[in-house]
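Participant: sequence-free structure coming up:
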């Protein structure tokens, strides 16, 4: 080790400075032992006391750490030098962990690298006005929100704003005391599973369904069964009576895209009352209705208080927000609050306060109105593009909601879909088959076409490529 | 219902405006049915088509909702009119819910209303510089962070910053791939319980311990046993060999305040290796060391990879943040990541990015340095005040860490402590006995004296009142 003193100021400061340089430059590796004070004092012609003082200084700065009876070690670890542990294989330590390990690989969006256009579902509508409004709201909220532990159930003023919003936009009359703010729809489901389902209890899901919801229920230990959907939604007659929890997406079946009929809604609520089952209503995009007469949430018809209603800000704002809310049946309210509290003591307060600010200023509802308009444009581009470039080769559903449509592919089999996806990828277009969402394969293959993340002109171009690929397919 | 048209613009717009006013003023109650179009057209002398258009407008604005075959209803619900459901009693629906209901009432801080001074543990150090730095960082992060789904494990750049921080401040060498960002220490424990403990498995905790940690383990279904602590910390010899998880606070036993000796640390690590148990190291305030030679975390000695290390930003920044991190044993890494993903898909991205900005700019470490200095001042005020005003009546421990000290009360019994707390409350001082944290009552009663939330002058005044109360106590 080569140390050079700079002759400025007291000797022990010179030495400390020189050691700091050596550490920061990587000359002294993290974890390595510094020379003994005796050796260094002899080498540099300094008193031992000077060396001791320099070392003490490094310890105060946490660059050095003293190990009793052993000396002083370099304590700053540049990341490039972190030893890469080769993880010892550890058996699953709990039945839960074993179930986690049994799940197939999980991916969250992504995979679009290198593509010019990706019709990926879940890509958010990029909105610079919203980003700037959110940035301002966060800054204001940070300056004005209590720094103490947040209300585990959610900020009261936000819960009141949500109740008002639900009444106006979703026809749901909710007591703010029954609302629990959670970290996304995923957490709403995890909490519901813990509160409602013992290991081995049956949970029914629509077939097709959202993969991560089914994974969460399976990891919890539920006996997850898929129930067929038809053009009216979940086929309630085929629901097993033992189902303790029924997970549904009535406003906009995910991913198939249709809306549950009024008849089936009533039948489902009757089922839940007769069998003392609970309904988990994932209203993930119910606000994004392009119809002049939007359909109210299932919960609005629920006179028996059997519906756990879940709305999310992730779709309306952006997915990285991780903020959603549960309207609990009144008799389960305390269980949900306690479960949330013991899980994480409540959601971060500043983001809740910022969300409340957006509500208070009317900015959230204005944003929602503008989003609906813009999404309607993008949806028209998609449907128009498909009609222009792929007529007769792809049949788009006619759902009046949300951020995706399903394009069915008559006459295709799964292998042909794979070839289509591969040829589109070669031309820079990301396509996503819908059949992986099904337990029982759908009558015909289809594509899940998300349109929120692309501009209308990009969507037009994407459908043109899709049309070319369809025509070129042998 | 009295509707007055204003004769401005088309008739249907006049009517819609008038209906809007009636709804917003509360004249038309939410949920109430609007008059039939026939009746209204007759009453107001308008064509039915005009009324139909006005009603359609209200529906588009979501002020009205159409129920098929039944008419149009008012859909805006002022909160004062939300019907208060008298919750039907519902039996606990799962064993987890039953355990939740068996827990004693849970409170989170608070209760200090009406007090002049509250020596409450957990009150944060109010720091206007930090609030303003955080507000700026959030605004910047909001403008620059991806709006898509966050990385479930935590933003990679934040995990790298945490790894560097841990090396410097806690002597812990961590691979960023073993770090999982979570929503507070509470979530770290909930995830650990799910990953490591089946229902009925034994979890050992120090006696005394933090109530919400023990509640979370009990709610999970663990067989929670308390193990005695002495002046070296957890008495490892008394740990049952069946303990699958051992929850400890080695840096600063909560709440008793002492630091686990090196001997016991080594003994505990040996215990974990011999019994294939896991150690949950809750290092909740290890950074707040007032000693020139701070003690590294237990994890830094853990050559067998048995320690789940948990650090939190809640104490260093503020509790409403809800951001913490787990360093997982490498063999459990994937389980923790999956468990976090299925719980809530990951922590909010913007706050993680803001935290990373503070690290990058050096602001977090500067803040930490300033916090340590300020807390040391407050701690000196407390210890000095106790010496001046309560010498001989209260014995403060000498921990060199954290945001609280324990003041032991020689010669007191629990009833006398209650009288002390009551008389202090009458004089505007909040005091908090330490015995509720114990399973086996401590040899002598004491007070948990939190000093972070008060200025030195307030602390001086609080100790003066405490001294008066002690002297006046019969």
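Facilitator: Here it is on my side, so go on. Since the model is a prediction, treat every value here as computed from it, not as a measurement.

Participant: okay, residue A:31: pLDDT?
Facilitator: pLDDT, residue A:31: 71.

Participant: in a helix, that's where it is, yeah?
Facilitator: No: applying DSSP: H, G, I helix; E, B strand; the rest coil, one finds residue A:31 to be coil, outside a helix.

Participant: wait, isn't it in contact with residue A:65?
Facilitator: No: if you go by Cβ atoms under 8 Å, residue A:31 and residue A:65 don't touch, sitting 9.6 Å apart. All C-beta spots, glycine's among them, are computed from the backbone N, C-alpha and C.

Participant: so what sits against both of these two?
Facilitator: Common neighbours of residue A:31 and residue A:65, using Cβ atoms under 8 Å, 6 or more residues apart in numbering or on different chains, are residue A:73.

Participant: which one of these two has more residues nearby?
Facilitator: Taking neighbours as other Cβ atoms under 10 Å in any protein chain shown, residue A:31 and residue A:65 compare with residue A:65 leading, 22 against 17.

Participant: what about the residue of the stretch 351-474 of chain A found nearest chain B, which SS state?
Facilitator: Nearest residue of the stretch 351-474 of chain A to chain B (Cβ to the nearest Cβ) works out as residue A:351 at 6.1 Å. Put simply, residue A:351 is helix when judged by three-state DSSP.

Participant: check it and give its pLDDT.
Facilitator: Confidence score, pLDDT, at residue A:351: 96.

Participant: count of residues packed around it?
Facilitator: Neighbours of residue A:351 (other Cβ under 10 Å): 32.

Participant: residue A:304 too?
Facilitator: Residues near residue A:304, counting by other Cβ under 10 Å: 15.

Participant: in contact with it, which residues?
Facilitator: Neighbouring residues of residue A:304 by Cβ under 8 Å, 6+ apart: A:269, A:272, A:273.

Participant: just the element for the second one, please.
Facilitator: Take DSSP states H and E as the rule and residue A:272 turns out to sit in helix A:262-275.

Participant: give me the buried positions along that helix.
Facilitator: Applying a neighbour-count criterion of 16 or more other Cβ atoms under 10 Å in any protein chain shown, one finds A:264, A:265, A:267, A:268, A:269, A:271, A:272, A:275 buried in helix A:262-275.

Participant: just stretch A:355-363 next, same as before
Facilitator: Within stretch A:355-363, the residues that count as buried by 16+ other Cβ under 10 Å are A:355, A:356, A:357, A:358, A:359, A:363.

Participant: where's the residue of the stretch 351-474 of chain A closest to chain B relative to residue B:149, distance?
Facilitator: Here residue A:351 is placed at a distance of 16 Å from residue B:149 (Cβ to Cβ, to the nearest Å).

Participant: what residues are up against residue A:6?
Facilitator: A:14, A:17, A:18 are the contacts of residue A:6 under Cβ under 8 Å, 6+ apart.

Participant: phi, psi for the second one please.
Facilitator: Right, residue A:17. phi -60, psi -40 (degrees, to the nearest 10).

Participant: can you tell me which residues contact it?
Facilitator: If you count contacts by Cβ under 8 Å, 6+ apart, then residue A:17 has residue A:6 around it.

Participant: just to revisit the earlier point, can you add pLDDT and give the buried residues of stretch A:355-363 back as JSON lines?
Facilitator: As requested, the buried residues of stretch A:355-363 are arranged in JSON lines below (pLDDT from 0 to 100):
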{"residue": "A:355", "pLDDT": "97"}
{"residue": "A:356", "pLDDT": "97"}
{"residue": "A:357", "pLDDT": "97"}
{"residue": "A:358", "pLDDT": "96"}
{"residue": "A:359", "pLDDT": "96"}
{"residue": "A:363", "pLDDT": "92"}
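
Participant: among these, which ones are in strands?
Facilitator: The strands, defined by DSSP state E, take in nothing from these.

Participant: could you dump the residues you listed to TSV with distance to chain B?
Facilitator: TSV is the format used below for the buried residues of stretch A:355-363 (distance: Cβ to the nearest Cβ, whole Å):
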residue	distance to chain B
A:355	11
A:356	14
A:357	13
A:358	12
A:359	12
A:363	14
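
Participant: out of those, which is nearest to residue A:436?
Facilitator: residue A:355 (33.2 Å; Cβ to Cβ).

Participant: test for you: state the pLDDT assigned to the closest residue to that closest one other than its chain neighbours.
Facilitator: Closest residue in space to residue A:355, ignoring its immediate chain neighbours: residue A:158 at 5.8 Å, by Cβ to Cβ, 6 or more residues apart in numbering or on different chains. Residue A:158 is assigned a predicted lDDT (pLDDT) of 97.

Participant: for the helix or strand of chain A with the lowest mean pLDDT, what is the distance to the chain centroid?
Facilitator: Least confident element among the helices and strands of chain A, by mean pLDDT, DSSP states H and E: strand A:64-67 (a mean of 74). Relative to its parent chain, strand A:64-67 has a centroid offset of 42 Å by Cα atoms, centre = their mean, to the nearest Å.

Participant: understood, closing this out.
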